[in-house]
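Asks: Quick one: sequence plus predicted model below, questions after.
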Amino acid sequence: MLGDEIVSRINQLGTISETPEHLARIFLSPEHRIAADLIMSWMKDAGMAAHLDAIGNVCGRYEGDRPGLPCLMLGSHYDTVRDAGKWDGPLGIITAIACVADLNRRGVRLPFAIEIVGFADEEGVRFSSTLLGSRAIAGTFDESVLNTRDSAGLTMRDAMVAFGLDPAKIGAAARARGELHAYVELHIEQGPVLEQQNLPVGVVTAIAGATRLAANLSGMAGHAGTVPMALRRDALAGAAECIVAVEAFCKADDAGLVGTVGIINAMPGATNVIPGRVSFTLDIRAPADAHRKLAVAEIVGWIEAIAKRRELSLQIDVTHENRTVPCAPSLKAQMAEAVAAEGYGVFELPSGAGHDGMAMIDIADVAMLFVRCRGGISHNPAEHVEIADADAGARVLLRLIENFRPGSQTREAGGGQDRAR
Ligand code: GLV
Ligand code: MN
Ligand code: MN
């Protein structure tokens with residue numbers, strides 16, 4: 001059963017982390033590099049040629065029945081959030097490698113090549129800019145992000161050099177549309193729907209769009225003991241009011257709007273100093289793009305009003321924007337056939353989480369298969385997938401690959417990205 005090896009590799013990769021207590025494998029860190037080398041070794045064991053591309057994506061290729069054929073591209077990401085689960089990202093890479101290893105053992109060569117990509121940065125933890133790996137492959141990497149700094153003040157450009165990459169060569173990672181038949185990603189669901197449906201896998205209909213913003217509030221730092229409450233311009237109290245307003249606004253929505261403040265920094269950061277400056281992030285998502293855009297405009301309006309009333313100056317910028325990406329109907333149909341052929345009920349669901357397909361849509365039709373996770377928990381160390389479900393996902397993916405009909409995809413209108421940077 002493929003599930004045994006998949007789970008053993010998930011556990012192995014899950015130990016490659018910034019600290020042993022909390023899984024964190026951040027873009028261009030030393031452990032990111034160790035993970036890349038391990039994944040490449042697994043690709044080679046599966047009979048693939050493997051290399052690290054110009055942005056740090058791990059790329060493996062299994063030739064078809066003759067060399068140089070266009071590929072079916074599979075993959076997911078190998079970076080993580082902080083205090084992450086082991087499955088978000090790696091499951092899609094490791095399962096795809098297990099499928100190719102199985103074909104290789106049986107000597108099967110198909111009328112197309114298979115490529116697997118371990119994308120370097122999907123989460124965007126380090127430089128507040130997501131999908132860097134898949135954007136480099138899609139040829140839409142915005143080189144201005146090379147000047148962004150991490151929380152330690154290091155630019156992405158310098159971090160790439162430290163990792164052993166040449167920022168001037170990022171363009172070399174780009175692939176042309178004609179090189180790919182399609183991009184297919186297997187990923188844990190990260191929500192509770194499949195568990196509720198009592199199903200191990202589900203066919204994804206679309207990946208919901210997202211807007212991320214960075215807000216900075218400035219007031220006046222001062223002595224915590226001497227400045228009367230009425231005379232304060234406390235940036236942290238202002239940020240707190242903004243956060244509660246965002247929560248209330250999203251809670252009152254009945255069309256799936258979700259809003260999260262995931263990072264907040266108060267400066268100068270001392271117990272006895274009134275915070276003079278605060279920065280915080282906002283992540284706003286909704287199933288419909290028009291609804292999300294309207295909500296973002298209203299939320300920014302609320303934040304502006306709070307800042308004005310509290311006499312705080314405000315700088316608020318969109319750092320990332322991706323529109324909703326539909327999965328290609330003909331690929332969804334092939335995925336549904338594979339699910340049914342493995343004996344499971346076919347169930348379709350949208351993805352509220354972002355995925356590399358949001359960038360890959362610019363060069364290929366996209367499809368996704370979700371695998372059930374326990375309690376719908378993700379971005380949390382409690383993230384868990386049962387062996388039997390990992391195995392079910394692998395069998396469905398393998399069947400999809402072996403029955404894949406290249407060239408039958410039809411491009412849907414409306415895919416793609418509109419980045420703010
Ligand atoms: C990625 O996990 C995202 O949806 O933010
Ligand atoms: Mn994630
Ligand atoms: Mn993910």
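Replies: Good, I have the coordinates. Residues are numbered from 1 along each chain as shown. Ligands and ions are numbered 1, 2, ... in the order given.
Asks: Quick check: which element contains the residue of the chain positioned farthest from its centre?
Replies: Residue farthest from the centre of the chain, counting by C-alpha atoms, centre = their mean, is Thr226 at 46.6 Å. Using DSSP states H and E, Thr226 maps to neither a helix nor a strand.
Asks: and the gap between it and ligand 3?
Replies: Remark: distance between Thr226 and ligand 3 (C-beta to the ion, to the nearest Å) = 49 Å. C-betas here are computed from N, CA, C, even on glycine.
Asks: Repeat that for His355.
Replies: Noted for His355: a distance of 6 Å to ligand 3, by C-beta to the ion.
Asks: Confirm that that residue sits in a strand.
Replies: No - under DSSP: H, G, I helix; E, B strand; the rest coil, His355 sits outside any strand and is assigned coil.
Asks: Quick check: chain neighbours aside, which residue is closest to Val145?
Replies: Nearest residue to Val145, sequence neighbours excluded (C-beta to C-beta, 6 or more residues apart in numbering): Ser129, at 4.9 Å.
Asks: pretty sure the one you found contacts Asp150?
Replies: No - checked against C-beta atoms under 8 Å, the pair Ser129 and Asp150 is beyond contact range at 10.9 Å.
Asks: Of the two, give the one with the bigger neighbour count.
Replies: Each of Ser129 and Asp150 has its neighbours counted (other C-beta atoms under 10 Å); Ser129 has more, 22 against 18.
Asks: pLDDT score assigned to that one?
Replies: Ser129 carries a pLDDT value of 81.
Asks: so who does it touch?
Replies: Shown in contact with Ser129 (C-beta atoms under 8 Å, 6 or more residues apart in numbering): 145, 148, 319-320, 421.
Asks: That one and ligand 3, how far apart?
Replies: Ser129 sits 16 Å away from ligand 3, going by C-beta to the ion.
Asks: so Ala333 is in which element?
Replies: helix 329-341.
Asks: what comes up buried for the helix or strand that that helix is followed by?
Replies: Per DSSP H and E, the first helix or strand lying C-terminal to helix 329-341 is strand 348-351. For strand 348-351, burial by neighbour count (16 or more other C-beta atoms under 10 Å) applies to 349-351.
Asks: residues contacting the closest residue to ligand 1 within the stretch 1-150 of the chain?
Replies: At 5.6 Å from ligand 1, Glu123 is the closest residue in the stretch 1-150 of the chain, using C-beta to the nearest ligand atom. Each residue near Glu123 by C-beta under 8 Å, 6+ apart is listed here: 27, 77, 79-81, 89, 130.
Asks: neighbour-wise, which of those leads?
Replies: Using other C-beta under 10 Å as the neighbour test, the contacts of Glu123 are led by Thr80, with 31 neighbours.
Asks: Name the nearest residue to that one, ignoring sequence neighbours.
Replies: Per C-beta to C-beta, 6+ apart, closest to Thr80 is Arg25, 4.6 Å.
Asks: circling back to that earlier point, which one among the contacts of Glu123 gets closest to Leu194?
Replies: Using C-beta to C-beta, the shortest approach to Leu194 within these belongs to Gly89, at 18.0 Å.
Asks: what does stretch 333-344 rub up against?
Replies: The contact list for stretch 333-344 (C-beta under 8 Å, 6+ apart) reads 184, 199-201, 203, 345-346, 348, 367, 369, 392, 395-397, 399-400, 403-405, 408.
Asks: for the residue in the stretch 151-300 of the chain that ligand 3 sits nearest to, what are its contacts?
Replies: Nearest residue of the stretch 151-300 of the chain to ligand 3, counting by C-beta to the ion: His187, 5.7 Å away. Each residue near His187 by C-beta under 8 Å, 6+ apart is listed here: 76, 88-89, 91-92, 351, 353, 355, 368-371.
Asks: before we move on, what about Gln315?
Replies: Taking C-beta under 8 Å, 6+ apart, one finds 215-216 in contact with Gln315.
Asks: roughly how far apart are the residue farthest from the centre of the chain and Ala46?
Replies: Separation of Thr226 from Ala46 (C-beta to C-beta, to the nearest Å) stands at 67 Å.
Asks: Repeat that for Leu294.
Replies: From Leu294 across to Ala46, the span is 47 Å (C-beta to C-beta).
Asks: So which of the two has more stuff around it?
Replies: The neighbour count for Leu294 versus Ala46, taken as other C-beta under 10 Å, is higher for Ala46 (22 against 13).
Asks: Isn't that one up against Met40?
Replies: No - counting by C-beta under 8 Å, Ala46 stays clear of Met40, with 10.7 Å between them.
Asks: Give me the common contacts of the two.
Replies: Gly60.
Asks: phi, psi of the residue farthest from the centre of the chain?
Replies: phi -110, psi -20 (degrees, to the nearest 10).
Asks: swap in Gly191?
Replies: Gly191 has phi and psi values of phi -150, psi 180 when expressed as degrees, to the nearest 10.
Asks: got the residue ranges for the helices in this structure?
Replies: For the chain, the helices defined by DSSP state H cover 2-13, 30-45, 90-105, 132-138, 156-163, 193-197, 235-251, 289-309, 329-341, 357-360, 387-403.
Asks: between these, which gets nearest to Asp65?
Replies: helix 90-105 (11.6 Å).
Asks: Please identify the buried residues of stretch 252-266?
Replies: By neighbour count on 16+ other C-beta under 10 Å, the buried set for stretch 252-266 is 257-259, 261, 266.
Asks: Among those, name the ones in strands.
Replies: Using DSSP state E, the members of the buried residues of stretch 252-266 that fall in strands are 258-259, 266.
Asks: Quick check: residues of the stretch 51-200 of the chain near ligand 1?
Replies: Glu123 (C-beta under 6 Å from any ligand atom).
Asks: try the stretch 301-421 of the chain
Replies: So the stretch 301-421 of the chain meets ligand 1 at 353-354 (C-beta under 6 Å from any ligand atom).
Asks: Show me the shaky parts of the stretch 301-421 of the chain.
Replies: For the stretch 301-421 of the chain, the stretches flagged by pLDDT under 70 are 408-421.
Asks: Also the stretch 51-200 of the chain?
Replies: If you take pLDDT under 70 as the line, the stretch 51-200 of the chain has no such spans.
Asks: one more time with 90, if that's ok
Replies: Judged by pLDDT under 90, the stretch 51-200 of the chain has its weakly predicted residues at 128-130.
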